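Participant: Here is my input, please return the structure:
(chains A and B)
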Number of protein chains: 2
Amino acid sequence: MELDRIARLAGGGGGKVLLYVLDGLGGLPLEPGGPTELEAARTPNFDELARGGTCGLHDPVAPGITPGSGPGHLALFGYDPLVYETGRGVLEALGIEFPLGPGDIAVRANFCTVDAQGRVTDRRAGRISTEEAAPLAAQLDGIELDGARCSVRHVKEHRFVLVLHPDLASGDGVDDTDPGQTGQPPRAPCARDAGSEATARLLAAWLKAAAERLADHPRANMTLLRGVSSKPDWPLFEEVFGMRAAAAAAYPMYRGVARLVGMDARTAPDGARPLVDALRARLAEHDFFFLHFKPPDKAGEDGDFDRKVAAIEEADAIVPELVDAGPDVILVTGDHSTPATMRAHSWHPVPFLIHGGPARHDAATSFGETACRTGAHGRVRGCELMRLAAASAGRLAKFGA
Amino acid sequence: MELDRIARLAGGGGGKVLLYVLDGLGGLPLEPGGPTELEAARTPNFDELARGGTCGLHDPVAPGITPGSGPGHLALFGYDPLVYETGRGVLEALGIEFPLGPGDIAVRANFCTVDAQGRVTDRRAGRISTEEAAPLAAQLDGIELDGARCSVRHVKEHRFVLVLHPDLASGDGVDDTDPGQTGQPPRAPCARDAGSEATARLLAAWLKAAAERLADHPRANMTLLRGVSSKPDWPLFEEVFGMRAAAAAAYPMYRGVARLVGMDARTAPDGARPLVDALRARLAEHDFFFLHFKPPDKAGEDGDFDRKVAAIEEADAIVPELVDAGPDVILVTGDHSTPATMRAHSWHPVPFLIHGGPARHDAATSFGETACRTGAHGRVRGCELMRLAAASAGRLAKFGA
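Facilitator: Numbering: from 1, shown residues only, chains lettered A, B, ... in the order given. Here you go, the predicted structure:
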């Protein structure tokens, strides 16, 4: 359902909604028939919310599709990731909290090595260390082109973000310059449409200026550009759902995605406890609060089943205090599954619970993948959860007469 | 799935389908864990259909969206309400059974009060009584403009319907004139597109003529226009599903929506019993029959749980006679939920059962929200039910070779 149609139904009145995201929540059992990480965890507080509320499973993007963190969160914010697609450059900029403005063009860039003939001999500059690469990135910052200022921020090892601030609006339809293999020269920036030709020219000029500044470095003597993209012009969360929205997250990526849709995102220290403080401090002046808890995903990515269980238990422990802070509707879920057995994000649907608002009884008496399958909501798409939460908070008017 | 693709599969042969709509059927328990209205009702006949058929839950519009009666019924007729959206003016005209023709432009209008400077002082003319307003509406009927005839029909209290019959086709993209607050003059009718400018001019001329006729009335001395819309040019039900379709309903609104898609809709007296007579009298010459039963919704809107239970039991009692009338497939459901505890339509998915045709067994041994969640169909969109019913009646050919 299109966001502008939801906006027409969202009057502005209603209760407060808390979205509590346990990153990578969904999991898999260690052996057939065994419990998942969430099912193995002792979660008396989530279980109580599940008993008093309603449960289900959601597909953040679509069945069978493994979501990245950006699409996973956009879905939870109500934005269909198949419609609202973010460019890689923008996501990389969000990940280091670089403040993109309208018209800015973000590029996911990295150092590489070229030989005397200009052919790429190492696409990652020998996986140059952060210590060695950071000063080189600093050297590339602030190049002035005829038609654009340019910013560079180092990310990690060989990776950095390039942001063009063009004097005149220009498109982001420019192909990657990475040849994808060694032995070839980098491709020239090539515009896919007439409206992006100025951007391609600016990027070519920037590449030339950057190569001059890197000429004396033995390994990182050239750069490759990917994911050329500009900050999307999407409806803001507040415009769609009529809720003043705040966010607290320890990791910049998640604050970045929240800001992309206009949330007032702040940094929270590591751990679950600081999320309680964040909610208490700022729930009064907001209608919607997004709390992000990263550890389950990290443990899953590390293949550490027990640490993921412990992380989920840590997230569970603060629930009574979150409830006390006074949200009317609480939505607990993950942005995707990260089974420890897979050491990676996966496509498996993600358990969720909604507590608060008028609801039917369901069979889920605990919070877990198996129980959620018997829940009142069945299996829905991730981007539908915000509608269910907003409806539960009494925020959506009738569609049609 | 687009209606023209369904039409290519619907060959014309097959069994007869009965759609039996209990308006506002879905409900909520009075207390957590308790039965809903449908579950509290003694419905031996629906339960028997559920045992012999298959069950599920449907979202008339989309998860989290509360449907109005128009969209809810269009969904049951197979028309996706997110695609087939009806204007407010058209719905208001349907609600009083005004026969809209092609090219007619319907407007939801109401009396208001303006001061000597033309500023609105009461947007509803002091909620003028039906007795006082009806003669005023009659006075406005039949205004002849240069370019259109105009009809006015009173609805209730301050509300009436204005229908333009323009001499030349003109668009319905004209903004509301209601300023939304007092202290402002009504807005002039403003076209959103070039094709609707003639309509805006006609409406402005009508407003002037109407104001002259109302000049001497102390309160209802002006009118406000909303929901300018023309009868949609949609594929007819018979073209889509290949079934000659009839309808019987006690309320004009539902006959109106049925006629909008080309059904032969007739008035039935109040109560469930007359629906049996309607079906018996006209099933022979039709392939599809829509019976509408309003009382569960009215009781729900009144917050009367017990009366809603009784209404559902009344609807259940006639089932043996409906079965005897000989439809091959029976689809029983609601157009939306109207939980008595909420005294309003709600977004909660609606139970349905399909009886007849080759089907799998499912776990639903009674007709209710909880049982339907374990049904063979799971959770589907409302507009998919007609496909399931038509397929069960052997009416849809294979898609592709």
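Participant: Minimum distance to chain B, which residue of the stretch 301-401 of chain A gives it?
Facilitator: Of all residues in the stretch 301-401 of chain A, A:R387 sits closest to chain B, at 2.9 Å by Cβ to the nearest Cβ. In this view, the C-beta of every residue, glycine as well, is placed from N, C-alpha and C.
Participant: Confirm that that residue sits in a helix.
Facilitator: Yes - secondary structure assignment places A:R387 in a helix (DSSP: H, G, I helix; E, B strand; the rest coil).
Participant: I'd like to know which residues of the stretch 51-200 of chain A are adjacent to chain B.
Facilitator: A:G52 (Cβ under 8 Å from any Cβ of the partner chain).
Participant: what about the strands in the stretch 51-200 of chain A?
Facilitator: Counting by DSSP state E, counting those that start in this stretch, the stretch 51-200 of chain A has strands at residues A:54-59, A:105-114, A:120-122, A:144-145, A:148-156, A:159-166.
Participant: tell me the angle of the longest one relative to strand A:148-156?
Facilitator: Going back to what we said before, that points to strand A:105-114. Inter-element angle recorded for strand A:105-114 and strand A:148-156: 60 degrees (by axes from the mean of the first three to the mean of the last three Cα atoms, to 10 degrees).
Participant: elements contacting strand A:105-114?
Facilitator: Other helices and strands packing on strand A:105-114, by 3 or more Cβ pairs under 8 Å, 6 or more residues apart in numbering or on different chains; DSSP states H and E, are helix A:88-95, strand A:120-122, strand A:159-166, helix A:197-214, strand A:222-230.
Participant: Compare those and report which one is nearest to A:P296.
Facilitator: With distances scored as Cβ to Cβ, the stretch of these nearest to A:P296 is helix A:88-95 (19.0 Å).
Participant: Not counting its own residues, what contacts the closest one?
Facilitator: Surrounding helix A:88-95, the residues in contact under the criterion Cβ atoms under 8 Å, 6 or more residues apart in numbering or on different chains are A:68, A:70, A:86, A:100, A:105-108, A:153, A:155, A:159, A:161-163, A:172, A:226-232, A:252-253, A:256-257, A:259-260.
Participant: ok so, going back, might one say that the residue of the stretch 301-401 of chain A closest to chain B is in contact with A:F77?
Facilitator: No - look at A:R387 against A:F77 with Cβ atoms under 8 Å: they stay out of range, at 11.4 Å.
Participant: Now the residue in the stretch 51-200 of chain A that chain B sits nearest to: closest residue in space that isn't a chain neighbour?
Facilitator: Ranking the residues of the stretch 51-200 of chain A by distance to chain B (Cβ to the nearest Cβ) places A:G52 first, at 7.1 Å. Closest residue in space to A:G52, ignoring its immediate chain neighbours: A:H355 at 5.8 Å, by Cβ to Cβ, 6 or more residues apart in numbering or on different chains.
Participant: phi, psi of the one you found?
Facilitator: With angles defined as degrees, to the nearest 10, A:H355 sits at phi -120, psi 130.
Participant: Would you agree it is in contact with A:T333?
Facilitator: No - counting by Cβ under 8 Å, no contact exists between A:H355 and A:T333, whose distance comes to 11.7 Å.
Participant: pretty sure A:A389 is touching A:V329, no?
Facilitator: Yes - applying Cβ under 8 Å as the test, A:A389 and A:V329 come out as touching, 5.3 Å apart.
Participant: quick one: common contacting residues for the two?
Facilitator: Taking Cβ under 8 Å, 6+ apart as the criterion, A:A389 and A:V329 both touch A:V17, A:I354.
Participant: For these two, indicate the residue with more neighbours.
Facilitator: A:A389 (30 against 25; other Cβ atoms under 10 Å in any protein chain shown).
Participant: Please give me every residue in contact with that one.
Facilitator: With Cβ under 8 Å, 6+ apart as the criterion, the residues that contact A:A389 are A:V17, A:L19, A:V329, A:L331, A:I354, B:G64.
Participant: Pretty sure the second one sits in a helix.
Facilitator: No - following the definition three-state DSSP, A:L19 is strand and is not counted among the residues of a helix.
Participant: neighbouring contacts of the host helix or strand of A:F46?
Facilitator: Using DSSP states H and E, A:F46 sits in helix A:44-52. Surrounding helix A:44-52, the residues in contact under the criterion Cβ under 8 Å, 6+ apart are A:316-317, A:319-320, A:330, A:332, A:353, A:355, A:364-367, A:371, A:375, B:32.
Participant: Quick check: buried residues in that helix?
Facilitator: A:N45, A:F46, A:D47, A:E48, A:L49, A:A50, A:R51 (16 or more other Cβ atoms under 10 Å in any protein chain shown).
Participant: now the third one: how far from B:T374?
Facilitator: Looking back up the chat, that one is A:D47. In this view, A:D47 and B:T374 are 22 Å apart by Cβ to Cβ, to the nearest Å.
Participant: Now do the same contact list for the most centrally placed residue in chain A.
Facilitator: Here the mean C-alpha position of chain A is nearest to the C-alpha of A:G70 (Cα atoms, centre = their mean), at a distance of 2.7 Å. A:G70 makes contact with A:P81, A:T86, A:L91, A:L94, A:M253, A:V257 under the criterion Cβ under 8 Å, 6+ apart.
Participant: okay, those residues in a markdown table with neighbour count and pLDDT next?
Facilitator: Listed next are these as a markdown table, based on neighbours: other Cβ atoms under 10 Å in any protein chain shown; pLDDT from 0 to 100:
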| residue | neighbour count | pLDDT |
| --- | --- | --- |
| A:P81 | 22 | 96 |
| A:T86 | 23 | 87 |
| A:L91 | 22 | 88 |
| A:L94 | 26 | 87 |
| A:M253 | 20 | 88 |
| A:V257 | 30 | 93 |
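Participant: Closest one of these to A:P185?
Facilitator: For A:P185, the nearest member of the contacts of A:G70 is A:L91. The distance, counting by Cβ to Cβ, is 27.1 Å.
Participant: What count of nearby residues applies to the residue lying closest to the residue of the stretch 301-401 of chain A closest to chain B once chain neighbours are set aside?
Facilitator: Among residues not flanking A:R387 along the chain, B:G64 sits closest, at 2.9 Å (Cβ to Cβ, 6+ apart). Other residues within reach of B:G64, judged by other Cβ under 10 Å, total 25.
Participant: burial of whichever residue of the stretch 101-250 of chain A sits closest to chain B, as a residue count?
Facilitator: Taking Cβ to the nearest Cβ as the measure, the stretch 101-250 of chain A has A:F241 as its residue closest to chain B, at 10.9 Å. The burial metric for A:F241, expressed as a neighbour count using other Cβ under 10 Å, is 30.
Participant: Quick one: buried ones out of the contacts of helix A:88-95?
Facilitator: The neighbour count (16+ other Cβ under 10 Å) marks A:68, A:70, A:86, A:100, A:105-108, A:153, A:155, A:159, A:161-163, A:172, A:226-231, A:252-253, A:256-257, A:259-260 as buried among the contacts of helix A:88-95.
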